[in-house]
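Q: coordinates for the following, if possible.
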Amino acid sequence: MRIAVLAANGRTGQQLSAQALARGHEVVALARRPGPSAPSLTWVTADASDAAALARAVRGADVVVSGLGLVAGSPPGLLSTAASALAEGPRVVWLAAFGTGRSAGVARLSAVINRVLASEIPDRVQADETLLAAGASVFHAGPLTNGPVSPGRHTVRLEAIPGRRWPRPVSRATVAAAMLDAAQDPDGAGGVLLPLS
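A: As a prediction, the model looks like this:
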């Protein structure tokens with residue numbers, strides 16, 4: 001499978017790339033600056049804020065997995081710009097934040113989450129909704145940590161969550177493994193998914 005990894009130089013993107021290679025896939029790593037080379041890994045310079053360039057960069061991929069997030073200095077509307085560019089292309093597996101958008105209704109402390117991420121919420125929600133309308137799988141993860149893949153990892157659909165739950169931390173490695181599981185499932189139904197340890 002040819003997998004395009006968006007934000008491949010980021011901490012989650014590095015996990016996505018390394019695990020995809022370990023699973024035997026061909027990886028097209030998309031980033032503003034290339035990283036270390038490896039067999040079956042091709043770096044493509046891509047800026048997620050340039051929708052036309054991003055759409056061109058993912059042509060030929062079977063699926064796009066995204067570790068794109070917002071950092072200080074990110075341009076306004078970065079996530080929704082990238083989502084719009086990807087919505088017309090290959091299948092997408094997208095990383096989002098638990099407690100925002102559709103998962104806000106099941107997250108304890110959602111008011112706190114929305115206050116902390118206040119300026120980012122509209123961009124995050126618009127990106128999610130654009131991709132969900134296109135049939136993407138959108139992973140709503142709790143606070144990301146470093147560490148190995150959890151041996152107890154599993155993925156739950158948002159609508160299967162009974163009641164409200166705390167935004168529990170989950171390792172980037174665990175999230176990447178769950179996202180790649182979804183990427184490898186050609187019959188995946190899309191929707192909002194929660195990666196759990």
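Q: the bottom helix or strand of the chain by mean pLDDT?
A: helix 110-116 (a mean of 75; mean pLDDT, DSSP states H and E).
Q: now the element after that one, going C-ward?
A: helix 121-133 (DSSP states H and E).
Q: can you tell me which helices and strands that following helix packs against?
A: On a contact count with 3 or more C-beta pairs under 8 Å, 6 or more residues apart in numbering; DSSP states H and E, helix 121-133 meets helix 78-87, strand 91-97, strand 137-141, strand 191-196. All C-beta spots, glycine's among them, are computed from the backbone N, C-alpha and C.
Q: could you list the buried residues of that helix?
A: Using 16 or more other C-beta atoms under 10 Å as the test for burial, helix 121-133 gives Ile121, Asp123, Arg124, Val125, Gln126, Ala127, Asp128, Thr130, Leu131, Leu132.
Q: again, but for stretch 160-174
A: Quick answer for stretch 160-174 (16+ other C-beta under 10 Å): Ile161, Arg165, Pro167, Val170, Ser171, Arg172, Ala173, Thr174.
Q: next, the contact list for the residue lying closest to Pro143 once chain neighbours are set aside, please.
A: Nearest residue to Pro143, sequence neighbours excluded (C-beta to C-beta, 6 or more residues apart in numbering): Pro169, at 4.5 Å. Contacts for Pro169 (C-beta atoms under 8 Å, 6 or more residues apart in numbering) come out as Gly142, Pro143, Leu144, Thr145.
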